[in-house]
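Student: I need the structure of the sequence given here:
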Amino acid sequence: MTTRPRLLVLRALGLGDLLAGVPALRALRRGFPVHELVLAAPEELAPVAAVTGAVDRLLPASAPGRAVPRRLDWTGPPPDVAVDLHGNGPPSHRLLQSLRPGRLLAFAHPDTPGIDGPPWYAEEHERDRWCRFLHAYGIPADATDLRLPRPADPSPAPGAIVLHSGAGAPSRCWPVDRYATVATALRERGHRVVVTGGADEEDLVARLAKEARLPDTDVFGGGLPFGRLCALVADARAVVSGDTGIAHLAVAHAAPSVTLFGPVPPSRWGPPAHPRHQVLWHPGPDGDPHGRRTDPVLLRIRPEDVLEAFDRLIDSP
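Tutor: This is a model prediction of the structure:
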């Protein structure tokens, strides 16, 4: 019996990171069609990896924040190919090097001189970065290859406007009272508004629901299962959020969205240019995307800015 060669991809990050990496994963799938593609990523992202159509198996791997895992529970012979989609190293390079892969694809870094990869550009958009990276290794990649298949689950609130006030760090969380102002205004216009949050954001969701006086049927806190969340987003009238995973999910399902940026500009993490994706950003100095206080650039966005962006969605084809 023959054993398939194995390709290990390291991207042990969050939901938005995985979705931004879908074009690169699909390019690797096409570039190595006979390999088993193993993705080292957080275990809770297994359903996301599965629907990309690119990943054969998820290897659970995570670390606090955006750190590199200390080790990978890799078993059997070394991977035939290892690909560092986690960052520019050197910790992620060394983690993969420790597995003795037959070939390692990674960005160049002065502390790992044995890797002859392309240069890293800090200001580059995340999707474009990884596609350029693969192009440098002779693997064609399409940065627009982002769409996910339509969810099989029915939406728990078809046609609703989804407000998601949480994010991976407080610096990217727009104030709850401003979300509540937007929710109240949209409901006064006759729209159904629902609020969502991650597994550790129940208190945040509850505060928003209380301030906006939303019925319990329109509150989805505690982290919806991925299939239901996809269905909710895919059938939403619009998704309003900060720069976080659900904004990338809206892009993946071609759902109209209004995304509030700060401290990181949309030039690095924003949606593709399209009328259905409205971006709010007041240029200012770069801040800490993992900081503990709401970034001052994000605070420049007012509720009326969000409502005007929503009106542009309504007016677009």
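Student: Only C-alpha atoms from now on, for both contacts and neighbour counts.
Tutor: Fine.
Student: Tell me how many other residues surround residue 286.
Tutor: 13 (other C-alpha atoms under 10 Å).
Student: Look up how far residue 67 lies from it.
Tutor: With the distance defined as C-alpha to C-alpha, to the nearest Å, residue 286 ends up 21 Å from residue 67.
Student: Surely residue 242 is in contact with residue 261?
Tutor: Yes - Residue 242 is within contact range of residue 261, at 6.1 Å (criterion: C-alpha atoms under 8 Å).
Student: who touches both of the two?
Tutor: Both residue 242 and residue 261 are in contact with residue 172, where contact means C-alpha atoms under 8 Å, 6 or more residues apart in numbering.
Student: Looking at the two, which has the bigger crowd around it?
Tutor: residue 261 (28 against 25).
Student: quick one: the nearest residue to that one once chain neighbours are set aside from residue 272, how far?
Tutor: The shortest distance from residue 261 to any non-neighbouring residue, by C-alpha to C-alpha, 6 or more residues apart in numbering, is to residue 281 (5.2 Å). The spacing between residue 281 and residue 272, counted by C-alpha to C-alpha, is 15 Å.
Student: what do you get for residue 100?
Tutor: 37 Å.
Student: Also residue 226?
Tutor: Relative to residue 272, and taking C-alpha to C-alpha, residue 226 is found at 23 Å.
Student: do residue 176 as well
Tutor: Noted for residue 176: a distance of 27 Å to residue 272, by C-alpha to C-alpha.
Student: Which one's more surrounded, those two?
Tutor: Taking neighbours as other C-alpha under 10 Å, residue 176 and residue 272 compare with residue 176 leading, 19 against 16.
Student: What does the pLDDT read for the more buried one?
Tutor: With respect to pLDDT, residue 176 scores 97.
Student: do the same with residue 3
Tutor: Per-residue pLDDT puts residue 3 at 85.
Student: That one: what secondary structure?
Tutor: Under the three-state scheme (DSSP: H, G, I helix; E, B strand; the rest coil), residue 3 adopts coil.
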